[in-house]
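Peer 1: Here is my input; please provide its structure:
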Amino acid sequence: MRALLFALILVPSSAFAASPTFEIVDGDRVMLLGDTLLEREATYGHLETRMHEQFPAAHFSVRNIAWSAETPLGWSRASFDPADKGIDRLKEHIELVQPTVAVLGFGMAASLQEMTDRSNDWTLNPDPARYGAEPMTAARFKNELGGLMDIITASARGGKVRFILLSPIQHEDLRSERPGLPDPAAHNALLADYRKAIAELAKERDATFVPCDLIRATTGKDPASSAIINSKLTDNGIHLNDNGYRRLSISQFSDALGWNTPANPDAREALREAVLLKNELWFNRFRPANSTYLFGFRKREQGRNAVEMEQFTPLLKAADEEIWKLASNPTAPAPVKVVKAAEPVTAPLLSPDFKLADGLEISLWAEAPMVAKPVQMNWDAAGRLWVVGTPIYPMIEPGKFASDTIHILADTNHDGKADKSITFADDLLLPTCVEPDITMAKGGPASAAYAGASTELLYLSDTNGDGVSDQKRIVLSGFGTEDTHHNIHTLYWGPDGILYFDQSVYTHSHMETPWGIVRLNSGGVLSYDPRTERTQVF
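Peer 2: Below you'll find the model as predicted:
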């Protein structure tokens with residue numbers, strides 16, 4: 001069987017010489033809006049860093065309001081409302097930004113929605129009662145995306161917005177490493193229709209089109225490519241990883257906008273760190289956890305914290321200024337995170353008087369400060385207890401950053417009490433579940449775990465053997481956080497090698513998977529197969 005190589009298409013800059021340079025100027029408000037393609041850009045920050053790198057003297061802001069599995073009608077953010085009310089929520093988010101420049105990155109979710117609509121697979125939960133019986137098509141998508149552009153333009157203060165339209169990426173074939181993943185051929189044929197629709201719309205609307213043609217399957221060197229990059233650009237075939245976003249930022253994105261290629265992309269890390277800190281602040285403002293208590297039908301309970309949202313405004317202004325400073329002076333140090341530390345504990349929190357049946361006894365195995373506000377736990381094959389703790393719960397304070405933890409507790413001398421605590425991870429946002437990866441443990445201590453945190457299911461791994469996670473991969477995103485104690489929870493391995501987990505009733509989740517869109521708009525049980533990346537409503 002011939003091995004397939006994946007080539008990064010780096011079109012020479014001369015091919016775009018006739019295209020005018022897309023300028024970003026002082027006072028611009030750049031909005032990133034789309035599906036997971038732009039949602040995860042907030043996690044990596046390469047595209048935004050490239051903007052500031054290209055225009056270091058311009059004082060402009062960037063705000064990302066993208067959402068996993070999103071369509072131009074705002075289905076993913078409808079929450080408790082009917083799906084057709086999602087556009088109203090989307091209008092509210094657009095109003096928060098008031099864009100002068102709109103970068104739209106739709107198409108992947110729409111193509112996956114079409115796959116779900118046509119599959120008749122109930123485990124993908126197509127839900128025609130909520131979303132209608134009409135299947136998604138490229139023609140329908142083009143019409144809805146054009147309507148969204150009209151809404152964005154109508155909302156503009158000056159009546160004009162400059163648009164950049166990104167195509168979806170191709171579906172990367174990873175079966176040589178992970179044979180359980182789907183053959184992407186049929187999906188890539190479908191994606192070509194959506195790419196064509198976006199290119200046509202960009203031409204009709206005089207918008208700038210960015211073809212995100214990062215992935216090509218070839219048996220030799222592509223004559224249009226300056227290099228063949230035999231490295232993964234995605235982790236599951238459809239979502240870019242850090243390498244993918246980095247390459248997109250310095251190739252297709254820059255080329256289509258008429259921007260120069262940076263001489264040393266690795267010299268911009270301090271600027272990117274500042275971008276990521278700002279993105280975290282903005283996420284907690286635009287998509288705050290516990291929104292049911294902040295704005296919804298439970299807003300008169302639990303502290304009435306909606307007043308805190310305006311406290312993010314000066315913090316975001318300061319974060320923008322830090323970015324501008326670093327853009328004009330790349331050698332300046334990156335800003336420092338202010339984290340929320342766990343409250344010190346000097347005495348046991350509980351001394352309960354248990355009443356036990358004859359022949360039973362109970363003893364204390366572990367207590368604070370070995371763990372910090374524990375909410376869920378699971379054992380590994382070596383008898384160690386993995387515990388997620390969240391001092392941040394139930395929502396983050398303005399100006400603070402993700403600092404929740406996973407601790408691993410062990411009884412090393414076998415006296416029936418934990419005597420060792422390792423902080424496996426300490427940069428999480430509202431984690432609610434953890435499960436050691438049994439597929440990697442092989443009967444011994446696990447070195448990796450799945451964890452549900454905020455809108456994401458993460459895979460955390462220790463690759464150098466020091467007991468601390470040093471790699472974080474987003475496995476799935478788009479989980480609802482409307483009511484924090486209803487977030488995804490109870491990760492549990494089934495005897496079939498599938499990871500099961502739950503979400504509770506006030507939660508609405510929307511996930512892009514290589515097999516199609518999965519939406520769950522209430523409580524339910526989900527399953528995830530690491531071998532195939534298939535996620536289902538169980």
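Peer 1: Just the CA trace of the strand of greatest length in the chain, in CSV.
Peer 2: The single longest strand within the chain, with elements called by DSSP state E, is strand 420-428. The C-alpha trace of strand 420-428 is given here as CSV (Å, rounded to 0.1, in the frame of the first residue of the first chain):
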residue,chain,number,x,y,z
LYS,A,420,1.9,11.9,48.9
SER,A,421,0.2,14.4,46.7
ILE,A,422,1.3,15.4,43.2
THR,A,423,-0.2,18.3,41.3
PHE,A,424,-0.7,16.8,37.9
ALA,A,425,-2.3,19.9,36.4
ASP,A,426,-2.9,23.4,37.8
ASP,A,427,-4.1,25.5,34.8
LEU,A,428,-7.7,24.2,34.4
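Peer 1: What are the contacting residues of that strand?
Peer 2: Outside of strand 420-428, the residues within contact range by C-beta atoms under 8 Å, 6 or more residues apart in numbering are 366, 370-371, 386, 388, 390, 402-412, 449, 451, 453, 458, 460, 462, 467-469, 472. Quick note: C-beta positions are derived from backbone N, CA and C, even for glycine.
Peer 1: Run the chain-centre distance for stretch 121-131.
Peer 2: Distance of stretch 121-131 from its chain centroid, counting by C-alpha atoms, centre = their mean, to the nearest Å, is 23 Å.
Peer 1: again with stretch 21-34
Peer 2: Counting by C-alpha atoms, centre = their mean, stretch 21-34 is centred 22 Å from the centre of its parent chain.
Peer 1: For it, buried residues please.
Peer 2: Within stretch 21-34, the residues that count as buried by 16 or more other C-beta atoms under 10 Å are 22, 24, 28-34.
Peer 1: Same question for stretch 144-154.
Peer 2: Buried-residue list, stretch 144-154, by 16+ other C-beta under 10 Å: 144-145, 148-149, 152.
Peer 1: Output the below-cut-off pLDDT ranges for the stretch 101-250 of the chain.
Peer 2: Along the stretch 101-250 of the chain, the model assigns pLDDT under 70 to residues 216-230.
Peer 1: repeat that with 50
Peer 2: 217-230 (pLDDT under 50).
Peer 1: I figured Pro330 was touching Ala270, is that so?
Peer 2: Yes. Between Pro330 and Ala270 there is a contact at 6.6 Å, judged by C-beta atoms under 8 Å.
Peer 1: about what we covered before: so of the buried residues of stretch 21-34, which ones are in strands?
Peer 2: Among the buried residues of stretch 21-34, DSSP E puts 29-34 in strands.
Peer 1: Let me have those residues in JSON lines, adding distance to Ser504 and pLDDT as columns.
Peer 2: JSON lines is the format used below for these (distance: C-beta to C-beta, whole Å; pLDDT from 0 to 100):
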{"residue": "Arg29", "distance to Ser504": "36", "pLDDT": "97"}
{"residue": "Val30", "distance to Ser504": "36", "pLDDT": "98"}
{"residue": "Met31", "distance to Ser504": "32", "pLDDT": "98"}
{"residue": "Leu32", "distance to Ser504": "30", "pLDDT": "98"}
{"residue": "Leu33", "distance to Ser504": "29", "pLDDT": "98"}
{"residue": "Gly34", "distance to Ser504": "28", "pLDDT": "98"}
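Peer 1: Make a markdown table out of the residues you listed and add distance to Lys337.
Peer 2: Shown next, in a markdown table, are those (distance: C-beta to C-beta, whole Å):
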| residue | distance to Lys337 |
| --- | --- |
| Arg29 | 25 |
| Val30 | 24 |
| Met31 | 25 |
| Leu32 | 22 |
| Leu33 | 27 |
| Gly34 | 27 |
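Peer 1: From the residues you listed, pick the one nearest Phe253.
Peer 2: Using C-beta to C-beta, the shortest approach to Phe253 within those belongs to Leu32, at 11.9 Å.
Peer 1: Can you tell me, leaving aside adjacent residues, what's nearest to the closest one?
Peer 2: Excluding its sequence neighbours, the residue lying closest to Leu32 (C-beta to C-beta, 6 or more residues apart in numbering) is Asn64, at 4.2 Å.
Peer 1: Could you report the neighbour count for Lys325?
Peer 2: 13 (other C-beta atoms under 10 Å).
Peer 1: and what of the one 4 residues further on?
Peer 2: A count of neighbours around Asn329, defined by other C-beta under 10 Å, yields 11.
Peer 1: and it, how far is that from Met108?
Peer 2: Separation of Asn329 from Met108 (C-beta to C-beta, to the nearest Å) stands at 37 Å.
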